[in-house]
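1. Show me the folded form of this:
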Amino acid sequence: MRRRIDGGSSFERDYGYSRAVVQNGFVFVAGTTGYDYAAMTLPEEAGAQAEACWRTIAGVLDEAGSSLQQVVRATYYVTDRTDAEAVLTVCGRVLREIRPAATLVVVAGLLRPEMKVEIEVTAALPPAA
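-> As a prediction, this is how the structure comes out:
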């Protein structure tokens, strides 16, 4: 069975994707930028954008019946290699005990120039009680 989770972003509706899809015991969370999707505001600094990404991801995982503790894969995209340390510091704090398989990629750009970081994850669903 496949279940889609809507994160409330206008991007999802406008560009035809789901914030997350729950299927086959996993939660696949789409690339998430640092927007506050309710207000559609974005912090300027890359580390603050990463913090906002993780807040959104944690909420989506909770809605899906999972959590950050169940993350098995993470991919971090940054648009400037000089921002990598700030982003990785945030990711390290969030995932220090979880330690999923992870990759950081420096990309030429994201959808909008003010976006400095995007994070996507895959998490397992916990075993049924």
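2. ok, and what's touching the helix or strand D62 falls within?
-> Assignment of secondary structure by DSSP states H and E places D62 within helix 46-64. When contacts are defined by C-beta atoms under 8 Å, 6 or more residues apart in numbering, helix 46-64 is touched by residues 3, 5, 7, 19-20, 22, 27, 29, 32-37, 42-43, 67-68, 70-71, 76, 78, 80, 83, 86-87, 89-91, 94, 115-119, 121, 123, 125. C-beta coordinates here come from the backbone N, C-alpha and C atoms, glycine included.
3. Which parts of this structure are helices?
-> For the chain, the helices defined by DSSP state H cover 10-15, 46-64, 84-95.
4. Point out the most buried one among those helices.
-> helix 46-64 (a mean of 20; mean count of other C-beta atoms under 10 Å).
5. how many degrees apart are that helix and helix 84-95 in direction?
-> 30 degrees (axes from the mean of the first three to the mean of the last three C-alpha atoms, to 10 degrees).
6. any idea of the mean pLDDT in helix 46-64?
-> Helix 46-64 comes out with an average pLDDT of 97.
7. before we move on, what about stretch 69-76?
-> According to the model, stretch 69-76 has a mean pLDDT of 98.
8. Now do that stretch: distance to the chain's middle.
-> Centre-to-centre, stretch 69-76 and its host chain are 9 Å apart (C-alpha atoms, centre = their mean, to the nearest Å).
9. Ramachandran angles for the closest residue to V72 other than its chain neighbours?
-> Leaving aside its chain neighbours, V72 sits nearest to P100 (5.2 Å; criterion: C-beta to C-beta, 6 or more residues apart in numbering). Dihedral angles of P100 (phi, psi; degrees, to the nearest 10) stand at phi -70, psi 170.
10. Now do the same contact list for P100.
-> The contact partners of P100, by C-beta under 8 Å, 6+ apart, come to 71-74, 121.
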